[in-house]
Each structure stands twice: as structure tokens, then as C-alpha cells.
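> got a sequence here, can you model it:
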Amino acid sequence: MKIKLQDHVLVPKHEVLSEEEAEELLTALGVNREDLPKIKADDPIAKEIGAKKGNIVRITREDKFTGKSVVYRLVV
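Have a look, this model is predicted:
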């Protein structure tokens, strides 16, 4: 039986942005795709969510003390 990484309590939610969402994000932040922090395509969570090179991944962390934080990574 294979366990999904995203089901683990310590793994934050990872989502691949659509191309439209990615373009809106880059415009809003005023950055190029390559300016974003990176995540490797062979990272286990990137593989699990089907992220491909060039995709942007949204990572949403929930913390009872600091609240919700959202970060973005470029798949390389």
C-alpha cells in the first residue's frame, strides 16, 4: 500500500498553478519565472502532484501560531 505524501500532517499543501494563474502571479509580483525559488522535478512531492519543469507550485502552510502562509516555487 502506497501512502500519499500530501496526506501526512507535516507536509504542506502543494498545488500546480494553471498557466493563467502563473502569469497573473508573475505580473502581480513583478518578477520573472526564473526569479522564484526552485523545487526539483524529481522531488517526491513534485512527482506526486505531477509537476513538470517550468510549472509553478503553490505551497500553503497552516500554523496555529502564525496562521496561513503561501510560497511559490518554480519546478526545475
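> verify the contact between residue 73 and residue 49 for me.
No - with contact defined as C-beta atoms under 8 Å, residue 73 does not reach residue 49; the gap is 11.4 Å. (Each C-beta comes from the backbone N, C-alpha and C, glycine too.)
> residue 37: what's its closest spatial neighbour, skipping adjacent residues?
For residue 37, ignoring the flanking residues on the chain, the nearest one in space by C-beta to C-beta, 6 or more residues apart in numbering is residue 73 at 5.4 Å.
> partners of that neighbour in the sheet?
residue 57 (DSSP bridges).
> so who does it touch?
36-39, 56-57, 59 (C-beta atoms under 8 Å, 6 or more residues apart in numbering).
> in PyMOL, select just the buried ones from the residues you listed.
Those of the contacts of residue 73 that count as buried under 16 or more other C-beta atoms under 10 Å are selected in PyMOL with:
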select buried, resi 36+39+56+57+59
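> tell me the mean pLDDT over stretch 15-34?
For stretch 15-34, mean pLDDT is 97.
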